[in-house]
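> give me a model of this one.
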Amino acid sequence: MMIFRPIESSDYDALWHIAQHTGVGFSSLQPKPDMVRHKLDWALESFSGSTTLDDLLYLFVLEDAKTGNIAGVSGIESAIGQTDPWYNFKVNTQVHTSRELNVYNRLTTMTLCSDHTDYSELCTLFLLPEYRYSNNGRLLSKARMMFMANHPSHFHENVIAEMRGYCDDNGESPFWEAIGRHFFNVDFVTADQQIAKGKTFIAELMPRHPIYTNMLPDSAQAVIGETHNDTLPARKLLESEGFHYTHYIDIFDAGPLLEARVKDIRTVRDSREYKVQIHESTTTDETQWLLASTGFRQFRCILGQVSFEGFEFVNITREQANALQLQPNDTLRVVPLTGRRP
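Below you'll find the model as predicted:
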């Protein structure tokens with residue numbers, strides 16, 4: 001059984017191990033000891049409930065209950081852009097016409113903006129390769145949404161997720177080579193590492209005027225709004241939950257930004273709360289359910305099969321109850337992993 005839970009201080013070694021596998025373009029968790037320690041400390045302070053921070057990081061891990069190994073990590077940032085400015089390119093359409101010359105041109109432009117300041121963000125999703133099977137990836141991503149359903153006051157009404165953009169096998173981004181390199185004088189890998197330290201340098205160096213995409217090389221135009229192959233499953237999952245592309249892209253690799261209203265996310269919208277009844281075994285159908293406790297620091301989420309008694313009670317096994325740290329009559333939030341409502 002895989003258990004999704006808040007990160008703990010003892011998880012530093014596991015987080016460091018994951019950071020060594022994330023690769024180029026995964027700027028939110030890189031193999032730098034100071035960065036990994038900061039990420040962990042920030043999350044622990046956020047979960048403590050005693051912080052005065054406005055921008056909180058809720059970081060979770062997926063634990064293999066059989067071995068105790070950590071299979072992956074994912075997070076939610078409560079409000080982006082409050083400490084470091086948040087930047088994207090907004091992809092717009094400009095029309096240039098001349099009746100005298102009988103010319104009508106529809107051109108695409110990109111403008112640097114901070115339109116998503118204060119939004120919440122789904123971030124730092126990474127599952128180790130050896131655990132990329134069954135529904136582990138879905139659990140690692142969607143369990144965050146169950147946490148948001150439990151604690152909506154901790155988040156903005158809108159949430160975004162940045163998708164990793166295209167780069168080749170050598171870690172080079174054609175979009176970066178066409179734009180960013182001209183203003184930063186460094187390669188994509190170096191810039192990606194720099195952004196992990198802060199984004200102030202973006203405002204200092206990036207152009208504020210619109211950029212016409214037809215003036216870029218074809219290779220750069222082709223990857224605007226495109227998703228890295230390794231991130232395509234994550235994009236499809238989010239789109240199935242109601243996220244959509246709104247013509248904002250990452251300023252480094254042109255990866256798309258997906259957006260949704262929290263209350264419209266399928267997992268949030270369709271989930272229901274029930275009182276728990278615990279049995280040694282229970283008769284169920286084949287439906288896989290996300291099962292989440294309603295705690296904060298003690299939040300737990302697993303996948304499993306259950307049965308219901310009316311609209312008030314859900315029947316779970318003793319093993320499931322132990323994984324979720326629940327007792328009879330405790331509250332359990334339930335939603336199908338995909339599709340229909342309970």
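> for the rest of this, base every contact and every neighbour count on C-alpha atoms.
Fine.
> on the three-state scheme, Gln30 is what?
coil (DSSP: H, G, I helix; E, B strand; the rest coil).
> whoops, I mixed them up, Tyr12
Three-state call for Tyr12 (three-state DSSP): helix.
> distance of it from Cys167?
Distance from Tyr12 to Cys167, counting by C-alpha to C-alpha, to the nearest Å: 29 Å.
> neighbour count: those two, which is higher?
The neighbour comparison of Tyr12 against Cys167 (other C-alpha atoms under 10 Å) goes to Cys167, with 22 against 17.
> may I ask you to confirm that that one is in contact with Glu177?
No: in this structure Cys167 lies outside contact range of Glu177 using C-alpha atoms under 8 Å: 10.6 Å.
> now do the shared contacts for the two.
Listed contacts common to Cys167 and Glu177 are nil; contacts here mean C-alpha atoms under 8 Å, 6 or more residues apart in numbering.
> now could you export just the CA positions of stretch 296-315 as CSV?
The C-alpha trace of stretch 296-315 is given here as CSV (Å, rounded to 0.1, in the frame of the first residue of the first chain):
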residue,chain,number,x,y,z
PHE,A,296,-4.0,18.9,8.6
ARG,A,297,-0.6,17.8,9.9
GLN,A,298,-2.0,14.2,10.2
PHE,A,299,-3.4,14.2,6.7
ARG,A,300,-3.3,10.8,5.0
CYS,A,301,-4.5,9.7,1.6
ILE,A,302,-4.5,6.2,0.0
LEU,A,303,-6.1,4.3,-2.9
GLY,A,304,-8.5,1.5,-2.1
GLN,A,305,-11.9,-0.2,-2.6
VAL,A,306,-14.8,0.6,-0.2
SER,A,307,-18.5,0.1,0.2
PHE,A,308,-21.2,2.4,1.5
GLU,A,309,-24.2,2.3,3.8
GLY,A,310,-26.6,4.9,2.6
PHE,A,311,-25.3,8.5,2.4
GLU,A,312,-23.7,8.5,5.9
PHE,A,313,-21.3,5.7,6.3
VAL,A,314,-18.4,4.2,4.4
ASN,A,315,-17.0,0.8,5.2
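> downstream neighbour of the helix-or-strand element of the chain with minimal mean pLDDT in the secondary structure list?
Ranked by mean pLDDT, DSSP states H and E, the weakest helix or strand in the chain is helix 200-205, scoring a mean of 67. Helices and strands here follow DSSP states H and E; after helix 200-205, the next one along the chain is strand 211-212.
> for that next one, name the packing helices and strands.
strand 103-113 (3 or more C-alpha pairs under 8 Å, 6 or more residues apart in numbering; DSSP states H and E).
> average model confidence for the strand it packs on?
What strand 103-113 shows for mean pLDDT is 93.
> also stretch 9-20?
Stretch 9-20 shows a mean pLDDT of 96.
> for that stretch, the distance to its chain's centre please.
Distance, stretch centre to chain centre, for stretch 9-20: 18 Å (C-alpha atoms, centre = their mean, to the nearest Å).
> repeat for stretch 36-52
18 Å.
> cool, and stretch 262-271?
Centre-to-centre, stretch 262-271 and its host chain are 16 Å apart (C-alpha atoms, centre = their mean).
> which parts of it are buried?
Using 16 or more other C-alpha atoms under 10 Å as the test for burial, stretch 262-271 gives Val262, Lys263, Ile265, Arg266, Thr267, Val268, Arg269, Asp270, Ser271.
> span of that stretch from start to end?
13 Å.
> which residues are in contact with it?
Stretch 262-271 is contacted from outside by 142, 145-146, 148-149, 156-159, 241-243, 333-337, 341-342, using C-alpha under 8 Å, 6+ apart.
> what residue of the chain is the furthest out?
The outermost residue of the chain relative to its centre, with distances by C-alpha atoms, centre = their mean, is Glu100 at 50.1 Å.
> so what does it have for phi and psi?
Backbone geometry at Glu100, expressed as degrees, to the nearest 10, gives phi -60, psi -40.
> what sits against it?
Contacts of Glu100 (C-alpha under 8 Å, 6+ apart): none.
> ok, it to Glu8 distance?
68 Å.
> ok, Asn105 next?
Applying C-alpha to C-alpha, the value for Asn105 to Glu8 is 56 Å.
> which one's more surrounded, the two?
Counted by other C-alpha under 10 Å, Asn105 and Glu8 do not tie: Glu8 has more neighbours, with 16 against 10.
> and the nearest residue to the more buried one once chain neighbours are set aside, how many residues sit next to it?
Leaving aside its sequence neighbours, Glu8 sits nearest to Leu44 (C-alpha to C-alpha, 6 or more residues apart in numbering; 6.9 Å). By the measure other C-alpha under 10 Å, the count of residues near Leu44 is 21.
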